[in-house]
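Asker: Here is a sequence together with a model predicted from it:
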Amino acid sequence: MYKAVCFILFILLTCLVDKAFSEVIKTIDGDIIEGKVLSADDEYLSIRQGHGNITFIQWRIISLISRGQEIIIVRHDGDKKGFTILATTGGSLSARDIGITTTDKVSSIYPKELLAQRLSFLNEEGQFVPLDTDDKVHTDVASQQNAARKDKLWNGNVDAGLTFQTGNQEAVTTSVKTGFSWERKRDSLFLNGLLLFGKKDGERNADEQRGIFKYERKHKERLYSFHQENLEHDEIERLNLRSITSSGMGYRFIEKINLKYRSEIGPSFIYERFMDGVTKTNPGLKIGNYLDWQIFDSTNFYVKVDFLPSPNEFIKWRLESDVGLRHNLNKSLSLNINWLDQYDSEPVKGVSHNDATILSTIGYNF
């Protein structure tokens with residue numbers, strides 16, 4: 001009986017301790033995140049929610065933190081942040097009992113023990129690290145991720161697929177799709193490539209190569225500028241080179257941990273040179289829309305659509321889209337399905353308006 005009482009008191013004490021250290025965080029979008037702060041630095045807070053996940057939250061999306069008898073207001077001025085701490089010595093929010101402190105140092109609101117416990121993460125979007133039953137992070141996973149991040153400047157993936165078809169028709173399709181990114185506080189570089197080759201009944205029905213280079217420069221929390229170059233070669237369309245150059249401004253309308261949406265607009269110029277000597281040029285606009293949705297911890301859905309209209313001829317336009325679903329099998333391998341579509345309202349003679357491709361690939365992430 002005595003042991004049972006002691007055990008119950010221990011459980012109650014543990015719950016009270018956890019509750020005492022629990023903090024409620026409100027983001028600039030109004031989302032509420034509640035949990036225990038495990039570590040803090042100048043860029044991130046790491047929060048344990050329940051007993052299964054650790055969430056990494058960037059300071060730039062935090063507006064308020066409440067804990068015990070304190071409310072911390074996070075101020076943002078461009079890339080700089082500051083804190084206003086409202087602490088009450090009584091049980092009310094009366095001006096008689098509230099003390100106000102201002103600071104711009106994270107060390108003023110969290111002890112040095114938390115500052116020294118920076119946990120590893122996979123990218124700056126916020127990731128989850130699994131916990132053991134004793135609430136300790138798997139040391140092998142954490143150490144591998146930490147070591148990889150110190151040495152790695154680039155993140156990316158290489159997806160490859162090979163499909164055979166026999167029976168009434170004989171076909172083979174080979175594809176390699178790549179994506180690389182280099183992201184820092186203000187500057188980001190993105191490189192994407194596609195190699196596609198296909199044969200049907202002994203004749204080529206796909207033979208094309210595409211490449212995309214994009215640079216982004218962040219000016220405000222959500223506002224950025226960009227420059228993008230698209231290059232394409234297609235033997236089936238008898239296309240030597242298609243170059244699409246575009247620049248402009250973009251805005252991140254939704255910037256949550258699991259859901260992101262942004263849109264951009266700017267002038268564009270399309271240059272096409274075909275194997276029969278014909279060349280086409282088309283100045284116009286680029287209107288881009290991009291959605292990224294982390295459906296589950298291991299499953300990501302994304303949509304990329306570039307609409308390229310001609311201001312002088314509204315019936316003349318081009319659409320480039322990439323819709324994909326990526327499911328991580330483990331830390332390095334993923335299963336991917338992509339739908340790639342290109343539509344040209346005025347193609348050259350002998351080429352169809354729509355060029356759509358569905359890819360099923362295995363990817364390697366690094």
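Answerer: Here it is on my side, so go on.
Asker: quick one: average confidence on stretch 59-67?
Answerer: Averaged across stretch 59-67, pLDDT comes to 87.
Asker: can you list the residues that contact it?
Answerer: Residues from elsewhere that reach stretch 59-67 (C-beta atoms under 8 Å, 6 or more residues apart in numbering): 21-29, 42-45, 71-74, 76, 81, 106, 109, 221, 255-256. C-beta: built from backbone N, CA, C; applies to glycine.
Asker: Which members of the residues you listed occur in strands, if any?
Answerer: 22-27, 44-45, 71-74, 76, 81, 255 (DSSP state E).
Asker: among those, which ones are buried?
Answerer: With burial judged by 16 or more other C-beta atoms under 10 Å, the buried subset of the ones in strands among the contacts of stretch 59-67 is Ser22, Glu23, Ile25, Lys26, Thr27, Tyr44, Leu45, Ile71, Ile72, Val74, Lys81, Glu255.
Asker: got the buried residues for stretch 170-185?
Answerer: Ala171, Thr173, Ser175, Val176, Lys177, Thr178, Gly179, Glu183.
Asker: mind listing what's buried in whichever strand or helix holds Thr361?
Answerer: Counting by DSSP states H and E, the element that carries Thr361 is strand 354-365. Across strand 354-365, burial judged by 16+ other C-beta under 10 Å covers Asp355, Thr357, Leu359, Thr361, Gly363, Asn365.
Asker: One more: stretch 273-291?
Answerer: Buried, per 16+ other C-beta under 10 Å, within stretch 273-291: Phe274, Asn282, Gly284, Leu285, Lys286, Ile287, Gly288, Asn289, Tyr290, Leu291.
Asker: Just give me how far stretch 56-73 sits from the chain centre.
Answerer: Centre-to-centre, stretch 56-73 and its host chain are 23 Å apart (C-alpha atoms, centre = their mean, to the nearest Å).
Asker: Tabulate the CA atom coordinates of that stretch in PDB.
Answerer: Extracted C-alpha coordinates of stretch 56-73, given in PDB (Å, rounded to 0.1, in the frame of the first residue of the first chain):
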ATOM      1  CA  PHE A  56      11.400  23.000 -34.600                       C
ATOM      2  CA  ILE A  57       9.900  26.500 -34.800                       C
ATOM      3  CA  GLN A  58      11.600  29.500 -36.300                       C
ATOM      4  CA  TRP A  59      11.600  32.700 -34.200                       C
ATOM      5  CA  ARG A  60      10.400  34.600 -37.300                       C
ATOM      6  CA  ILE A  61       6.900  33.000 -37.100                       C
ATOM      7  CA  ILE A  62       6.500  33.400 -33.300                       C
ATOM      8  CA  SER A  63       4.400  36.300 -31.900                       C
ATOM      9  CA  LEU A  64       3.700  35.300 -28.300                       C
ATOM     10  CA  ILE A  65       4.900  32.800 -25.700                       C
ATOM     11  CA  SER A  66       3.100  32.200 -22.400                       C
ATOM     12  CA  ARG A  67       4.500  30.300 -19.500                       C
ATOM     13  CA  GLY A  68       3.400  30.300 -15.800                       C
ATOM     14  CA  GLN A  69       2.900  34.000 -14.900                       C
ATOM     15  CA  GLU A  70       4.900  35.300 -17.800                       C
ATOM     16  CA  ILE A  71       3.900  36.500 -21.300                       C
ATOM     17  CA  ILE A  72       6.700  37.100 -23.800                       C
ATOM     18  CA  ILE A  73       5.900  39.300 -26.800                       C
END
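Asker: Ile265 belongs to a helix?
Answerer: No. Counting by DSSP: H, G, I helix; E, B strand; the rest coil, Ile265 is located in no helix; its state is strand.
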